[in-house]
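[1] I need the structure of the sequence given here:
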Amino acid sequence: MASTRTAFLDRLLKALQRYYNIPRETVTSPFAAEAVFHSNNEQYFLLKSAKLSDSESHEYMFIASEERLEAADVERLDQIAWETGLSRVQPHGGHRNTDITLILLADTISPEAAALVKKLRHYKSYRYMLRGWSDYRLVALELSSGQLTYNRKGQSLKKLFRNILSSLE
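    Model prediction:
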């Protein structure tokens with residue numbers, strides 16, 4: 001099953017590399033991979049010196065690959081991903097949002113871990129949203145059954161995972 005996890009991880013990173021930077025050398029332990037997205041949107045009025053608005057969006061994605069995923073593993077990886085992502089946030093006037101995503105790939109996922117994945121939520125606003133906010137997405141994939149579990153925000157990644165799973169068959 002480790003080869004299935006590796007194959008899925010390779011396909012996932014290949015799909016993400018179109019939009020994300022994927023650092024290969026500096027991956028935070030205990031994660032198997034990371035992906036980073038930065039976007040800056042500026043609006044001007046005729047000249048660049050007449051800037052109307054400036055907004056930045058960031059996303060830090062952490063990907064873990066485990067043989068068996070238990071509730072304690074989910075809690076540990078969740079805490080590390082959230083704290084590491086928050087440590088990279090630099091709120092300022094032009095900061096819109098910094099999202100943190102945790103993807104858990106496992107051969108098997110215990111029912112307790114799957115239930116915990118659905119419940120985990122994090123959110124943080126900076127200066128009452130005047131300097132942006134941080135949301136948290138969480139997705140767990142059991143490769144032996146193809147079962148996808150996610151929190152409310154993680155539902156947006158469902159189509160990506162289904163496409164990669166269908167390409168592996």
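[2] state the next helix or strand along the chain beyond the longest helix seen in the chain.
    Taking DSSP state H as the criterion, the chain has its longest helix at helix 71-87. Sequence order places strand 95-109 as the next helix or strand after helix 71-87, per DSSP states H and E.
[3] which residues does the residue nearest to the spatial centre of the chain bridge with?
    Nearest to the mean C-alpha position of the chain, by CA atoms, centre = their mean, lies Thr101 at 1.9 Å. Judged by DSSP bridges, the bridge partners of Thr101 are Met61, Arg137.
[4] just checking, it touches Ala64?
    No. Look at Thr101 against Ala64 with CB atoms under 8 Å: they stay out of range, at 11.5 Å. Backbone N, C-alpha and C define where each C-beta goes, glycine included.
[5] quick check: Ile103 touching Val139?
    Yes. With contact defined as CB under 8 Å, Ile103 counts as touching Val139 (5.2 Å).
[6] can you give me the strands in this protein?
    33-45, 47-69, 95-109, 123-125, 133-142, 147-150 (DSSP state E).
[7] what residues of the fourth one count as buried?
    The reference is to strand 123-125. In terms of neighbour count (16 or more other CB atoms under 10 Å), strand 123-125 has its buried residues at Lys124.
[8] adjacent strands (with direction) for it?
    According to DSSP bridges, strand 123-125 forms sheet pairs with strand 133-142 (antiparallel).
[9] just the angle between the strand it pairs with and strand 95-109, please?
    Interaxial angle of strand 133-142 relative to strand 95-109 (axes from the mean of the first three to the mean of the last three CA atoms, to 10 degrees): 20 degrees.
[10] ok so, going back, buried ones in the longest helix of the chain, by neighbour count?
    For helix 71-87, a neighbour-count test (16+ other CB under 10 Å) marks Ala71, Asp73, Val74, Leu77, Asp78, Ile80, Ala81, Trp82, Thr84, Gly85 as buried.
[11] ok, the closest residue to Arg152 other than its chain neighbours - how many residues close by?
    Using CB to CB, 6 or more residues apart in numbering and skipping residues adjacent in sequence, the residue nearest Arg152 is Arg121, 6.9 Å away. Look at Arg121: counted by other CB atoms under 10 Å, it has 12 neighbours.
[12] higher neighbour count, Ile103 and Val139?
    Shown here are Ile103 and Val139; by other CB under 10 Å, Ile103 has more neighbours (28 against 24).
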